[in-house]
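# Model the structure of this input:
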Amino acid sequence: MRVLLPIILSLPLQADPKAEFARGVLEEARGGSGAPWFDRAYEEDPEAWPLVRRRATRLFEEGDIAGASTLYREYASGHPERLEVQVTYADFLRESSPGDDFAAKLAGEVLENALEQHGDSLPVIRRLFRSYEQRGMREDSLRLFDKVAAEEGSSAALAAAEMARTLFPGDDLEARAKIDGVYLQALERSPEDAVLARAASEHFRRSGRLDEAVEVLRKHAEAAPASLDLRVRLGILLFAAKKEEAGEACLKEVLAIDPRQALAHQTLAKFYRRQDDPERARPHAVQVLKIRGGDADEFLELADELMELERPRDARLLLEKGLFDHPEDPDMAVKLAIATQEDESTRDQAAWRFREAESLSGVDGPATEPGFQLAFSEHLLETGQTEAAETRLRAAIKAYPPEAKGETAAALRRLAGIWLEDGRNESAARALLKRAEALDPEGK
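Next up, the predicted model:
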């Protein structure tokens, strides 16, 4: 053993390309350069495609386009059966020299050779189609289109439709009819395919054939009831086709399954508003904001509607979401504080909401408005802070504009009532009541 050990140690170590590659990855993760390790790995295993691709990428980044191209070309020539290699080489030629006719021609030849070996490869066909179009080879483009249009399957139908948009003008009825047939045949085989159904429906819709677009999605919904996004789309198209009852029923069915389908809520809200039915529109508008959010003004306007309908709880829930989405909006905080106070179930939480609103509002913000001051005063009265409540009432009275006579009178009567209930400032209270009477004789 003592004799063999020096001999073993003197032998050259055989590098492990996988270990060298791993060391390179680790070095890069540490912020260093893994290039030396990757080079060693490549030298040990020049047939490893990941190492070839990484080496070519580094050569290109260093400005050695010719070196990278040579590396790709030699590897691609030696591995004509490997589709990924041929596609990567063609992409490199096109992207590294976008204005070079020779590189474009060479990329086309690589793709043509790849297509001979992999005749049904749509990635190759799509790239070769673009290559022909860029080089003005329309006859070859048409040949590829005819090949894809004759194939079966959803992917082929989508590819044929994409090619047709490039090859033919929108008013070419013969080409349109051909794509109609491609889509319909594919749908006959795969009505449950959501990508195919959406594309086919859009094809018919864009050409003004709403009934056909609806029928595509109707059959898809039957084949794939769980495809809720396209069932929502079906409802929208039914509205567009003036089939409002069917559209409404379709969207309601979706919401019964998934109440968080925001687009369904939005569509129904718009529909009911067009029918001048705000009561039915409002719940859907609320759900849209809760699910998807919106501008601060949208939250505030809808909350105002709810408060006017004396539905403070609904307003509060909506404004909580609004303040979450717009945490620095003082108007949102002010209205939320008022709604929290008016909602009997959350009055015990109103104090910090009022303080939060004042903090966001600043000296001259919306917290100085009379509505906020009145609500705050009511909260203070309920918690036994009468003196602070009176201060808020006085602030509200001063903040009302001259034309707000009814509101000013109500605040005056409220302040007078506090004094009379406590048996103090009786003469001042009577004076306030007279002032309120003068402003609003019919008030109570």
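# Check the offset of the strand or helix carrying Asp211 from the chain's centre.
Asp211 is part of helix 210-223, with elements assigned from DSSP states H and E. Its chain's C-alpha centre and that of helix 210-223 lie 25 Å apart, by Cα atoms, centre = their mean, to the nearest Å.
# continuing past that helix, what's the next helix or strand?
helix 228-240.
# What residues sit buried inside that following helix?
Of the residues in helix 228-240, 228, 230-239 count as buried by neighbour count, 16 or more other Cβ atoms under 10 Å. To be clear about C-beta, it is placed using only N, CA and C from the backbone, and glycine gets the same treatment.
# Quick one: mean pLDDT for the helix holding Asp211?
Mean pLDDT, computed over helix 210-223, is 97.
# list the helices and strands that helix packs on?
Applying 3 or more Cβ pairs under 8 Å, 6 or more residues apart in numbering; DSSP states H and E, we find helix 210-223 packed against helix 173-189, helix 194-206, helix 228-240.
# Kindly recompute the last result at 10 Å.
Packing contacts for helix 210-223, counted by 3 or more Cβ pairs under 10 Å, 6 or more residues apart in numbering; DSSP states H and E, involve helix 173-189, helix 194-206, helix 228-240, helix 244-257.
# which other residues reach the last one?
Outside of helix 244-257, the residues that reach it under the criterion Cβ atoms under 10 Å, 6 or more residues apart in numbering are 214, 217-218, 221, 225-226, 228-241, 243, 261, 263-268, 271-272, 274-275, 284, 287.
# now the angle from it to helix 210-223?
Relative orientation of helix 244-257 versus helix 210-223 (axes from the mean of the first three to the mean of the last three Cα atoms, to 10 degrees): 30 degrees.
# Repeat that for the third one.
The directions of helix 228-240 and helix 210-223 differ by 150 degrees, with the same axes, to 10 degrees as the criterion.
# what's the average pLDDT for helix 228-240?
97.
# before we move on, the earlier item: biggest separation within the buried residues of helix 228-240, which pair?
Leu228 and Phe239 (17.0 Å; Cβ to Cβ).
# what sits against Leu111?
86-87, 89-91, 93-94, 121, 123-132.
# Drop the exposed ones from those and show what's left.
86-87, 89-90, 93-94, 121, 124-132.
# and for stretch 169-182, what are the contacting residues?
Taking Cβ under 10 Å, 6+ apart as the rule, stretch 169-182 contacts 145-146, 148-152, 156-161, 163-165, 167-168, 200, 203-204, 206-207, 209, 212.
# Of those residues, grab the buried ones for ChimeraX.
A single ChimeraX command selects the buried members of the contacts of stretch 169-182 (16+ other Cβ under 10 Å):
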select :145,148,149,151,156,157,158,159,160,161,163,164,167,168,200,203,204,207,212
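# chain center to stretch 288-298: distance?
Worked out by Cα atoms, centre = their mean, stretch 288-298 lies 14 Å from the chain centre.
# What helix or strand is Glu378 located in?
In this assignment (DSSP H and E), Glu378 forms part of helix 370-382.
# Of all the residues in that helix, which ones are buried?
Applying 16+ other Cβ under 10 Å to helix 370-382 flags 370-381 as buried.
# Could you do stretch 283-296 as well?
Applying 16+ other Cβ under 10 Å to stretch 283-296 flags 284-291, 294 as buried.
# Now tabulate those residues in TSV and tack on secondary structure, pLDDT and distance to Glu421.
Converted to TSV, the buried residues of stretch 283-296 look like this (DSSP: H, G, I helix; E, B strand; the rest coil; pLDDT from 0 to 100; distance: Cβ to Cβ, whole Å):
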residue	secondary structure	pLDDT	distance to Glu421
His284	helix	97	45
Ala285	helix	96	42
Val286	helix	96	39
Gln287	helix	96	44
Val288	helix	97	45
Leu289	helix	96	41
Lys290	helix	95	41
Ile291	helix	96	46
Gly294	coil	94	44
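# Now tabulate those in a markdown table and tack on distance to Ile397.
Formatted as a markdown table, the buried residues of stretch 283-296 follow (distance: Cβ to Cβ, whole Å):
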| residue | distance to Ile397 |
| --- | --- |
| His284 | 40 |
| Ala285 | 35 |
| Val286 | 34 |
| Gln287 | 39 |
| Val288 | 39 |
| Leu289 | 34 |
| Lys290 | 37 |
| Ile291 | 41 |
| Gly294 | 35 |
